[in-house]
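Engineer: Sequence isn't available, so here's the structure alone:
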């Protein structure tokens, strides 16, 4: 039989607005019972007189009786300012009155906050007060009397709860980060006073951006109430105050996981991440890492994005986690409609897959079925996945090269970086002795370290393929959906593919791939000729829909265009280091190419030690890839550049 659920009663003034903020901190094995009360005041303005009335023992006794029938194990008094204005003796009087009425343990905002700050070892704190200066003075006096000193103060000056509780975490965040920049290094914590402030969703990103732990009044109150109820409660994603201790994950991975993975290439003891916020990842040890790898380009709108979380929650609540390839959920149809608004009209059909590698297999089969041919053109440096079919059309096979012979047969030609290379491809297309099933190309080779095809050469190849009725298969797995400042790189380069391979960011952080193609190629297959059990899983479809909707709603493609000159200017000084040969890129994808792969790996290791995640690329691993979420700003670019510069100095002298 499971442990008995605990019941925590929450007494909250009549002007409270944000029950949901408290519920974000409440563990699943606790029933949270809300009772609102008024103090008989003529106004609910946040004045000292009104707030003092809410601290009256007589008012608290009357309010507590509302919860009597529920028999709570603990009562939490939620009027933050009242418990501070009343002073230490007044807060104790509030708790005594409620305990006398209900006979259970009681906590107030004042003592809960002090416990939370003590748990972080914080004595010098920065105060964020949503209240007026008069109320804030009383709050400061109580903190000082309890032994806390202040390193800074930010007073919002709200006189009504509506000015506080209706403001989202995203709205509070910029102001509070700016405030944190003014604080001295000795600041132990930032204390967000006021039970009405909504900030739970932004705690992780604030702590990552500033390096300063946060205590919010709602978080402190729930934590203390749970402790009094005997509920052990730790959780990732709610900041340092709630973070569980580190586990032995690395040891297990070392002993149990196949040696064929990339887990230990950059580090013998890589960080294990337990939460993410925007462009930041938080490790088990609580360290924040700036993520300029984006899960190999997948998390394009950052970690913990509200739209992604909402989509996943909504789909999970539907009860539909998977249906197999025969049946569908509405979210899949909605996603296809959304894609129709994004893709060129001639790419009117889509075929779902689980990943980019599987999408490549789909494209190859589609071309082979349609043409009857069994031979392809691929390119040196090209990378399309590690399944055997995808390897066959990839020039970059790495350690899998020894698995020859590959099928289908493929001519791996020089990548068309100039007119001469383009002409050689055109010549091969026009040969008639061995029919072609398709030409598979990345207009921008990502894994090769950002190699860009010559536009005129690529256009010549596209025209030749069209004239010869050879399908042009464009791989946009890495570059699709805005990464380079255009929705797709083939649009910028002026070509018209017959099939487009999509994955990585498409899934919104979930495994998801897709091939978009013409009616002729994808509309005439026999039923069931290409299928897989988990193709475009409903959860992946939900996150893909959320990602694409956010991409368009927030006009992130235009944002990426704005990032390009920021990258160019910030990364330029890296060229002064003798180990760096070239810095190249577009939009939000940049590569720092070095003379040797060993130097690149050593620099990536040093960058990781400094809290920067980078991506491995280059034909021989000689380049350091920077592929951050599209939501970054100048500050993140400059910080990444500074850490990379320091990593170069450490690794290469």
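Structural biologist: Sure, I can see it. Worth saying up front: this structure is predicted, and the values here are computed from it rather than measured.

Engineer: By mean pLDDT, point me to the weakest helix or strand of the chain.
Structural biologist: In the chain, the helix or strand scored least confidently by mean pLDDT, DSSP states H and E is helix 80-85, which has a mean of 68.

Engineer: how's the protein carved up into domains?
Structural biologist: 6-242, 249-304+557-652, 307-553 (automatic domain parsing).

Engineer: Put together CSV for those, with mean neighbour count on each row.
Structural biologist: Glycine gets a C-beta too; all of them are placed from N, C-alpha and C. Output for the domains of the chain, formatted as CSV (neighbours: other C-beta atoms under 10 Å):
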stretch, mean neighbour count
domain 6-242, 20
domain 249-304+557-652, 19
domain 307-553, 20
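
Engineer: Find out how far stretch 501-512 is from the centre of the chain, if you would.
Structural biologist: Centre-to-centre, stretch 501-512 and its host chain are 14 Å apart (C-alpha atoms, centre = their mean, to the nearest Å).

Engineer: Please list all residues in contact with the nearest residue to residue 498 once chain neighbours are set aside.
Structural biologist: What sits nearest to residue 498 in space, not counting adjacent residues and going by C-beta to C-beta, 6 or more residues apart in numbering, is residue 471, at 4.3 Å. Counting by C-beta atoms under 8 Å, 6 or more residues apart in numbering, residue 471 touches 366-367, 370-371, 437-439, 465, 498-499, 521.

Engineer: Just the ones of those residues in helices?
Structural biologist: Within the contacts of residue 471, residues falling in helices by DSSP state H are 366-367, 370-371, 465, 521.

Engineer: right, and the pair among the residues you listed with maximum separation?
Structural biologist: Checked with C-beta to C-beta, the ones in helices among the contacts of residue 471 reach their widest spread between 366 and 465, with 14.9 Å between them.

Engineer: continuing past the helix or strand hosting residue 250, what's the next helix or strand?
Structural biologist: Secondary structure assignment for residue 250, by DSSP states H and E: helix 249-256. Next in sequence after helix 249-256, counting helices and strands by DSSP H and E, comes strand 273-277.

Engineer: Show me what that next one is packed against.
Structural biologist: Strand 273-277 sits against helix 203-210, strand 280-283, with contacts defined as 3 or more C-beta pairs under 8 Å, 6 or more residues apart in numbering; DSSP states H and E.

Engineer: Turn these into CSV, columns for mean pLDDT and distance to residue 356.
Structural biologist: Compiled in CSV, the helices and strands packed on strand 273-277 are given as follows (pLDDT from 0 to 100; distance: least, C-beta to C-beta, whole Å):
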stretch, mean pLDDT, distance to residue 356
helix 203-210, 96, 29
strand 280-283, 96, 22
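
Engineer: Throw those into CSV and include distance to residue 358, thanks.
Structural biologist: Below are the helices and strands packed on strand 273-277 laid out as CSV (distance: least, C-beta to C-beta, whole Å):
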stretch, distance to residue 358
helix 203-210, 33
strand 280-283, 27
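
Engineer: Spatially, what comes nearest to the residue most central in space within the chain if we skip its sequence neighbours?
Structural biologist: Of all residues in the chain, the one closest to the mean position by C-alpha atoms, centre = their mean is residue 303, 1.0 Å from it. Leaving aside its sequence neighbours, residue 303 sits nearest to residue 276 (C-beta to C-beta, 6+ apart; 2.6 Å).

Engineer: Isn't the one you found up against residue 236?
Structural biologist: No: using C-beta atoms under 8 Å, residue 276 is not in contact with residue 236, being 9.5 Å away.

Engineer: Between the two, which contacts overlap?
Structural biologist: residue 282.

Engineer: re the thing from before, please report how far the residue nearest to residue 498 lies from residue 377.
Structural biologist: 11 Å (C-beta to C-beta, to the nearest Å).

Engineer: Now the common contact residues for the two.
Structural biologist: 438-439.

Engineer: I'd say the residue nearest to the centre of the chain and residue 281 touch.
Structural biologist: Yes: counting by C-beta under 8 Å, residue 303 sits close enough to residue 281 to count as a contact (6.4 Å).

Engineer: Give me the common contacts of those two.
Structural biologist: Counting by C-beta under 8 Å, 6+ apart, the contacts common to residue 303 and residue 281 are 275, 291.

Engineer: contacting residues for the residue nearest to the centre of the chain?
Structural biologist: Residues near residue 303 by C-beta under 8 Å, 6+ apart: 275-281, 291, 509, 629.

Engineer: so what's it bridging to?
Structural biologist: Under DSSP bridges, the beta-bridge partners of residue 303 are residue 278.

Engineer: Please report how far it lies from residue 607.
Structural biologist: 19 Å.

Engineer: mind showing which ranges of the stretch 51-200 of the chain have poor pLDDT?
Structural biologist: For the stretch 51-200 of the chain, the stretches with pLDDT under 70 are 80-82.

Engineer: now do the chain
Structural biologist: Within the chain, the stretches with pLDDT under 70 are 1-3, 15-16, 42-44, 80-82.

Engineer: now the strands for the stretch 401-550 of the chain?
Structural biologist: Using DSSP state E, counting those that start in this stretch, the strands of the stretch 401-550 of the chain run over 409-413, 438-441, 444-445, 451-452, 472-475, 499-502, 513-517.

Engineer: In its sheet, which strands sit next to the second one, and in what direction?
Structural biologist: It stands for strand 438-441. When DSSP bridges is applied, strand 438-441 pairs with strand 375-379 (parallel), strand 472-475 (parallel).

Engineer: Tell me which of these sits nearest to residue 530.
Structural biologist: strand 472-475 (14.7 Å).

Engineer: Contacts for the closest one next, please.
Structural biologist: Defining contact as C-beta under 8 Å, 6+ apart, one finds that strand 472-475 is touched by 356, 360, 363-364, 367, 382, 384, 438-443, 461-462, 465-466, 490, 495-501.

Engineer: Roughly how far does residue 273 sit from residue 303?
Structural biologist: Counting by C-beta to C-beta, the gap from residue 273 to residue 303 is 9 Å.

Engineer: which neighbours do these two share?
Structural biologist: In contact with both residue 273 and residue 303: residue 281, using C-beta under 8 Å, 6+ apart.

Engineer: Check which helices and strands the longest helix anywhere in the chain sits against.
Structural biologist: Selection of the longest helix in the chain by residue count, based on DSSP H, yields helix 634-652. Secondary-structure packing of helix 634-652 (3+ C-beta pairs under 8 Å, 6+ apart): strand 288-291, helix 556-571, helix 597-609, strand 612-613, strand 623-626.

Engineer: gap between it and the chain center?
Structural biologist: 21 Å.

Engineer: With stretch 261-278 instead?
Structural biologist: Between the centre of stretch 261-278 and the centre of its chain there are 15 Å (C-alpha atoms, centre = their mean).

Engineer: just stretch 396-409 next, same as before
Structural biologist: 34 Å.

Engineer: List the contacts of that stretch.
Structural biologist: Contacts for stretch 396-409 (C-beta under 8 Å, 6+ apart): 364, 368, 374-376, 380-383, 386, 388-389, 391-393, 437, 447-448, 619.
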